[in-house]
Structure formats: C-alpha cells, structure tokens
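A.B. asks: Predicted structure and sequence below. I'll ask about it afterward.
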Amino acid sequence: TERKDILRLDDVYLFVIEPLIVPEVRYKNPTEPDPYPTDYDALAEDYDIEYFVVASRHASQSGKPSLTVHPTGNFGKAMYGGRTRELQATLANPMRHVFLKALEDPPRGFEVSLEATHHSPTQFRTPMFFAEVGSTETQWRNESVCGYLVRAILEGISEEEKVPAVIGFGGGHYCPTFSVMERETAFGHMAAKYAIDLLTPELVGQMVDKTLDGVEGAVLDRGLKGHQKK
C-alpha cells in the first residue's frame, strides 16, 4: 500500500484515521465545526470509492452491549460536529445489508439496532454511514466483538440485493419499529420522535435528497402525536 494507514482487500479499502471523526466532547456553543481529520471526498476521488462505512464506537449512559448502524446528520444544533441543520449523504441499501449481517449471530448479550440520524459528519458529497460497537470501553476493547462487526461490514457491503428505500419519522433513538421493518425495507435518514419538532420542509427535503438510493416512501411511527404527523 502507499500509506501505512491504508489497507486493501480486493476492492475494499480500509482507512485507519485518527483522531475520532466525531468529537468526544459535546460543543458548548457550536458555530463552525472543527476540521475533520481527513477529506473524505478527496479520498473517494483518489481511490474511486462509492461510499464509506465508518466503523466506530458507540457510547451510551445505559452501558448496554450493542451493535448499531445509522446515518449521520444534525436536525438541530451541531453539538457533535458537522453543520447545524444539515444531513450527510447516505445509502439505505448498503446500510441495511450491514445491519442484517450484524443481526445474524451477534455476540451473546449484544443488542443489534438501527439508530436515528445523529451527529457528524454532514457536509461530504460521498455517502457514508456508521457501524458501531457499544457502549463502554469494555466492549470497545473486545477484539472478538469488534471482529464480528468488521465481518458484518465486509459481508454486508458485498451484497447486491436492493429493496425499496424509505425515510422514517418518530419512535425512539434506537428505532425499534424501523429495526424490525429493516428486514424488508431499507431505511435511509430517520428522525426520532425527539427531533420531529425540529423538522422543516427543507430538512425533510434533505432526508429524501440525501438518501441517495432514491426514496420511495416514508414511514411514520405510531407514537407520533397528531400535530407531528401533519
């Protein structure tokens, strides 16, 4: 390889990039985001990359062992990088394939779910999504679990089946309804119930336009209130 932080396996590149792409500390007063550790669009152009799967770590207060998959973007303020009220381009079908592979035979005690759209990046043209191990350092340092996620990514991105792509509105952050539906449908951007009141026509347009598979419909979780459905 040309650089020590780049590995290649057939037509798949592995880029080892530090520091973390998402800020570890919540911004107190988000204005302009800090520069990303690398220019993902330049990498995509240099290596003819269609999309990125960012293998990262997931943190939560619950500390539950988990494997999660999600698109990125900010419906509100950019508290964890990126730009305020901007979503990142993503691909629903590859994200679905990685999720389904992670769901096949997860390590004992691990929950597998989608997550709603959140955190940076937001501004790259090249589509991407995150696949994460959570939720504490115990899981992050578990080589067996991390290896399982890597295999799910590699096997998932080799799948070619395409199903209708949709966007989702409502439900909890871990998208229990959408995670079940993902077996038959490919979810792109998802706005959890806590983000619904932040939505504008422009943001809904981004959810559609930046799910690059071509959105064929929208799913509204039953828990939405009447005014939110409107």
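C.D. replies: Received it, and whenever you're ready, just let me know what you need.
A.B. asks: Listing partners with orientation, what would you give for the helix or strand where S113 lies?
C.D. replies: Assigned by DSSP states H and E, S113 belongs to strand 111-114. According to DSSP bridges, strand 111-114 forms sheet pairs with strand 66-70 (parallel).
A.B. asks: returning to that earlier point: what's in contact with the strand holding S113?
C.D. replies: 64-70, 99, 102-103, 106, 174-176, 178-179, 182, 187, 190 (C-beta atoms under 8 Å, 6 or more residues apart in numbering). Backbone N, C-alpha and C define where each C-beta goes, glycine included.
A.B. asks: Show only the entries of those found in helices.
C.D. replies: F99, A102, L103, P176, F178, S179 (DSSP state H).
A.B. asks: Of these, grab the buried ones for ChimeraX.
C.D. replies: Of the ones in helices among the contacts of strand 111-114, the buried ones go into a single ChimeraX selection, burial set by 16 or more other C-beta atoms under 10 Å:
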select :99,102,103,178,179
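A.B. asks: Tell me what angle whichever helix or strand comes after the strand holding S113 forms with strand 66-70.
C.D. replies: Next in sequence after strand 111-114, counting helices and strands by DSSP H and E, comes strand 128-135. Angle of strand 128-135 versus strand 66-70, following axes from the mean of the first three to the mean of the last three C-alpha atoms, to 10 degrees, is 160 degrees.
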